[in-house]
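Chemist: The sequence isn't on hand, but the structure is:
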């Protein structure tokens, strides 16, 4: 076989290879990656199911008696994996305490997530918001209700956390963190704290809810109570400079009144993230939230 024939064969094979790659690559569809919960538990208090997503410290072992603090992450299906990744990366440098992370999710699709979080995380009923958001989000009329925070906190304390404590090596050092409505719920947990949680990560909290009711309750509490008999507690609050208009003033007012009272047992840190929106402030604040709440001294 002469050189010309060799060249033609090689050119044909190369051409077929290139076009077959193009053909097959155009027919490939993206692989769907679904974050599967570790557990799904039913709540009789809330009459719904919650998905739990769990990660463990590297040293976690069933063969010893070491117990660990737990950080509970609201909007678990969305936020859990980010917290897990940030904690894992920062732990490589030995910057953080070892902690179990538990994401609490409610709903495996967008409509159910919107409906469940709006009910679970809001502190009172607001029918006007319900109807407006049903229209905005394209939900059926009457599908959205608000004001379930007290019941959800009861569910966390009596159903979700006892399940985690029963099945894993936890201790009573508990943290909770949330964003937006989740931040409102976390704020609610903090100002009503009895020491059950001692670490609070509050991102872009919707303190405007129902005419600033939680903000006003907090300011009144901080003004009238010069002492607060709770265990040593860490709080980190954050917001973006281009967040929704009411977010920044609300957080600053909250933090200023809390600082002015100078509770000796409360370690408050807060940060305003430059050029971050209501959405982008969440990923921007993750490492700071984790380092403030669980950073090694």
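Modeler: Looks like it came in fine. The structure displayed is predicted, hence computed values, not measured ones.
Chemist: Please identify the helix or strand for residue 195.
Modeler: Assessed by DSSP states H and E, residue 195 sits outside every helix and strand.
Chemist: Can you check the pLDDT for it?
Modeler: For residue 195, the pLDDT comes out at 95.
Chemist: Let me see the contact set for it.
Modeler: 230, 231, 233 (C-beta atoms under 8 Å, 6 or more residues apart in numbering). Yep, even glycine has a C-beta here, placed from its N, CA and C like the rest.
Chemist: Now do the helices in the stretch 151-297 of the chain.
Modeler: Secondary structure of the stretch 151-297 of the chain (DSSP state H, counting those that start in this stretch): helices located at 161-167, 181-191, 209-224, 247-261, 281-294.
Chemist: Which one of these lies nearest to residue 136?
Modeler: Smallest distance to residue 136 across the helices of the stretch 151-297 of the chain (C-beta to C-beta): 14.3 Å, for helix 181-191.
Chemist: May I see the buried residues of the closest one?
Modeler: Neighbour counts over helix 181-191 (16 or more other C-beta atoms under 10 Å) mark 181, 182, 183, 184, 185, 186, 187, 188, 189, 190, 191 as buried.
Chemist: Run a quick neighbour tally on the spatially closest residue to the first one that is not a sequence neighbour.
Modeler: This points to residue 181. Leaving aside its chain neighbours, residue 181 sits nearest to residue 121 (3.8 Å; criterion: C-beta to C-beta, 6 or more residues apart in numbering). Neighbourhood size, residue 121 [other C-beta atoms under 10 Å]: 26.
Chemist: Let me see the residues that make contact with the longest strand along the chain.
Modeler: Identified as the longest strand of the chain according to DSSP state E is strand 170-179. Here strand 170-179 makes contact (C-beta under 8 Å, 6+ apart) with 67-75, 79, 83, 99-100, 121, 161, 164, 184-186, 189, 196-204, 234, 281-282, 289, 293-294.
Chemist: Are any of the residues you listed buried, and if so which?
Modeler: 68-75, 79, 83, 99-100, 121, 161, 164, 184-186, 189, 196-204, 234, 281-282, 289, 293-294.
Chemist: how far out from the middle of the chain is stretch 217-233?
Modeler: A distance of 25 Å separates the centroid of the chain from that of stretch 217-233, by C-alpha atoms, centre = their mean, to the nearest Å.
Chemist: now do stretch 64-82
Modeler: Relative to the mean C-alpha coordinate of its chain, stretch 64-82 is positioned 10 Å out (C-alpha atoms, centre = their mean).
Chemist: repeat for stretch 191-205
Modeler: Here stretch 191-205 is found 13 Å from its chain centre; the criterion is C-alpha atoms, centre = their mean.
Chemist: That one spans what distance, first to last residue?
Modeler: For stretch 191-205, the first and last residues are 13 Å from each other (C-alpha to C-alpha, to the nearest Å).
Chemist: Kindly report the same for stretch 38-55.
Modeler: First-to-last residue span, stretch 38-55, C-alpha to C-alpha: 9 Å.
Chemist: Tell me the gap between that stretch and the middle of its chain.
Modeler: Its chain's C-alpha centre and that of stretch 38-55 lie 15 Å apart, by C-alpha atoms, centre = their mean.
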